[in-house]
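In: quick one, what's the 3D model for this:
(chains A and B)
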Amino acid sequence: MNNKMDNQMEVKILEIMNTVLDNRTKKILTALSPELHLRNDIGFDSLDLAELTVRIEAEYDIDIFEDGIVNTVSEILEKLNSK
Amino acid sequence: MDYFLKDIEYGMPITWDFLINDINNSLTYNPYCKSDNYYHVFKHIITSLIIGKEIILLDSDFTNSELVNLTGFSEYEEFTQLIDKASFSLLRDKVELIEKLRTTCDDWKVTLYTSGTTGIPKKVTHNFNSITRFVKVSERNTNSIWGFAYNPTHMAGIQVFFQALLNGNTIVRLFGLSPNEIHSEINENSITHISATPTFYRLLLPCEETFQSVERITSGGEKFNEKTIMQLKGIFPNAKITNVYASTEAGTLFASDNEIFSIKSEYEHLIRVKNNELLVHSSLMGSSDINIEEWYNTGDLLETVSENPLKFRFISRKSDMINVGGYKVNPLEVEETILSLTGIQNVRVYSKSNSVLGNIICCEVVCDNEQISESSIRTFLQSKIQEFKIPRIIRFVDKLSTTRTGKIKRN
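Out: Model prediction:
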């Protein structure tokens, strides 16, 4: 059950990230892996990260950057799962 | 080696000797400066100072339509002129260059653009004295190494540039680099001074490393919260942290170790507080298209902490400007641009507070054409305005939200 939930969440996060990337005509992702670094691997800049937090907050009601910047996909998933 | 600029985006570090040689060999000059190459911008500014001609700084990401709006042109080739080499002796070395910059700048001026309050960006011009008012040249600063963390065509960037230039320091470009690159640039170059927006510092966090070489951290442009200051003290254990208040119109006016600002006695008669708003005397201002009266109202609200000597803290900025990570966005300018797209009936641009950038630009759109989509609006805006002004969240609505008095809601 938990695994299924995580998968759903990952699919949703992938969709949100691709919306952000597509908005800036940046290359979208085909799959999400936990170790991906948001800035170094995915290529998000501060404007993108700002948009990402708004879109994730709209979906999950959690501000992932509230306590400082998170760096990787797995850190996002941890934040969302810990609430 | 005595380096002038290190910019990993452009490869080889540039020495002072290379710079001087390059200036000595320059045959032409164009007053308009638009480049995303930091070295080109810096060399252009120095050349303008040497020949005593105006320089007009344009952001490298201005779109053609912004350029036409601001300057009347989008191409500047025709303004290229020959430098009268006979009037200028060749520079021998760095010491002579700096000495020349300090002494031969009476006719020189720099023009830059700031988001105006009426929807049209306004032009602000400074002379050498007003731009270098807060530059400190001293023996103590000779060995400073500056982390350059601003856009070089913005007021804050120009001020950092002059501080480093007139002290003969090395500048290391940090702006626009990834956090990992920034960390390694600070370490490898033993950077001693960094001036940046709070957003820049926030994006360095969390950070497990500590940077022992940094002696001073300066920040301005947005409110800095206590938590970020505490985190910065952790990663820069040897740094003194200073908060500055500056604007494009007046440059740096005040500096402080915390939230409470005071004024140096020599400027005391040039600052006034009226109805809790900060007024600045016109002699401290650069000149602009708009005639200003003797006292310029900054629109910034403050709370007086003590009357004599005057100490205060800033409460808020009165204007409608939205501060996106230290960049000011005028919602009216963005609304006007969106409205110019056929099929858009009405639009409301507003800010939403954001943990990364302080604020983020959002908009609501009413349209009467089914062809309009979020991506068609974005594509249109990308050709019209700078990226940081483009709304990140676009909502399609039947009717705009208004406040109880019928005004458009901004927050």
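In: how near is the most centrally placed residue in chain A to residue A:22?
Out: In chain A, the centroid-proximal residue (C-alpha atoms, centre = their mean) is residue A:13; its distance is 5.0 Å. Distance, residue A:13 to residue A:22, using C-beta to C-beta, to the nearest Å: 15 Å. No exception for glycine: its C-beta is placed from N, CA and C like everyone else's.
In: please apply the same query to residue A:53.
Out: Here residue A:53 is placed at a distance of 17 Å from residue A:22 (C-beta to C-beta).
In: neighbour count: the two, which is higher?
Out: In terms of neighbours (other C-beta atoms under 10 Å in any protein chain shown), residue A:53 is the more surrounded of residue A:53 and residue A:22; the figures are 23 against 14.
In: residues touching the closest residue to that one other than its chain neighbours, list them.
Out: Beyond its immediate neighbours in the sequence, the residue positioned closest to residue A:53 (C-beta to C-beta, 6 or more residues apart in numbering or on different chains) is residue A:65, lying 4.9 Å away. Contacts for residue A:65 (C-beta atoms under 8 Å, 6 or more residues apart in numbering or on different chains) come out as A:49, A:53, B:355-356.
In: same list, these, but as JSON lines with pLDDT and distance to residue B:140 please.
Out: Formatted as JSON lines, those follow (pLDDT from 0 to 100; distance: C-beta to C-beta, whole Å):
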{"residue": "A:49", "pLDDT": "93", "distance to residue B:140": "38"}
{"residue": "A:53", "pLDDT": "93", "distance to residue B:140": "42"}
{"residue": "B:355", "pLDDT": "86", "distance to residue B:140": "38"}
{"residue": "B:356", "pLDDT": "88", "distance to residue B:140": "36"}
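In: buried ones in stretch B:45-56?
Out: By 16 or more other C-beta atoms under 10 Å in any protein chain shown, the buried positions in stretch B:45-56 come out as B:45-51, B:53, B:55-56.
In: out of these, list just those in strands.
Out: Taking DSSP state E, the ones among those that sit in strands are B:55-56.
In: of the contacts of residue A:65, which is the nearest to residue B:106?
Out: Among the contacts of residue A:65, residue B:356 lies closest to residue B:106 (C-beta to C-beta), at 44.2 Å.
In: do any residues in the lowest-mean-pLDDT helix or strand in chain A lie close to chain B?
Out: Least confident helix or strand of chain A, by mean pLDDT, DSSP states H and E, is helix A:2-23 with a mean of 84. Yes. Residues of helix A:2-23 contacting chain B under C-beta under 8 Å from any C-beta of the partner chain: A:22-23.
In: what pLDDT does the nearest residue to residue A:19 once chain neighbours are set aside get?
Out: Distances taken as C-beta to C-beta, 6+ apart place residue A:55 nearest to residue A:19, at 6.7 Å, with adjacent residues excluded. At residue A:55, the model reports a pLDDT of 93.
In: is it true that residue A:55 touches residue A:15?
Out: No. Using C-beta atoms under 8 Å as the test, residue A:55 is too far from residue A:15 to be in contact (9.5 Å).
In: what about the two, which has more around it?
Out: A direct count of neighbours by other C-beta under 10 Å for residue A:55 and residue A:15 places residue A:55 higher, at 20 against 13.
In: how far away is that one from residue A:47?
Out: On the measure of C-beta to C-beta, residue A:55 and residue A:47 end up 13 Å apart.
In: the strand or helix carrying residue B:41: how far from the chain's middle?
Out: Element membership for residue B:41, per DSSP states H and E: helix B:38-51. Relative to the chain's own centre, helix B:38-51 is displaced by 17 Å; criterion: C-alpha atoms, centre = their mean, to the nearest Å.
In: for that helix, output the C-alpha coordinates as CSV.
Out: Extracted C-alpha coordinates of helix B:38-51, given in CSV (Å, rounded to 0.1, in the frame of the first residue of the first chain):
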residue,chain,number,x,y,z
TYR,B,38,31.3,40.0,-17.4
TYR,B,39,34.7,40.9,-18.7
HIS,B,40,33.2,42.8,-21.6
VAL,B,41,31.0,44.8,-19.3
PHE,B,42,33.8,45.6,-16.9
LYS,B,43,36.3,46.5,-19.7
HIS,B,44,33.6,48.7,-21.3
ILE,B,45,33.0,50.6,-18.0
ILE,B,46,36.7,51.2,-17.5
THR,B,47,37.2,52.3,-21.1
SER,B,48,34.3,54.8,-20.7
LEU,B,49,36.1,56.2,-17.6
ILE,B,50,39.4,56.5,-19.3
ILE,B,51,38.0,58.4,-22.3
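In: give me the neighbour count for the residue nearest to residue B:30 when sequence neighbours are not counted.
Out: Ranked by C-beta to C-beta, 6+ apart and with sequence neighbours excluded, the top spatial neighbour of residue B:30 is residue B:80, at 4.5 Å. Neighbour count of residue B:80, defined by other C-beta under 10 Å: 11.
In: could you do the one 10 residues further on as well?
Out: Residue B:90 sits with 11 neighbouring residues when counted by other C-beta under 10 Å.
In: now the residue nearest to residue A:19: which helix or strand?
Out: helix A:46-60.
In: which strand or helix spans residue B:111?
Out: strand B:109-114.
In: what does that strand contact?
Out: In contact with strand B:109-114 (C-beta under 8 Å, 6+ apart) are residues B:45, B:48, B:54-59, B:70, B:121-128, B:131, B:153-155, B:158, B:247-249, B:328.
In: what strands flank it, and is each parallel or antiparallel?
Out: Using DSSP bridges, strand B:109-114 pairs in its sheet with strand B:55-57 (parallel), strand B:122-127 (antiparallel).
In: can you add mean pLDDT and give these back as a markdown table?
Out: As requested, those are exported to a markdown table (pLDDT from 0 to 100):
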| stretch | mean pLDDT |
| --- | --- |
| strand B:55-57 | 96 |
| strand B:122-127 | 85 |
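In: could those strands be laid out in TSV, adding distance to residue B:193?
Out: Shown next, in TSV, are the strands paired with strand B:109-114 (distance: least, C-beta to C-beta, whole Å):
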stretch	distance to residue B:193
strand B:55-57	22
strand B:122-127	22
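In: single out the most deeply packed of these.
Out: Of all those, strand B:55-57 has the most neighbours on average by mean count of other C-beta atoms under 10 Å in any protein chain shown, namely a mean of 23.
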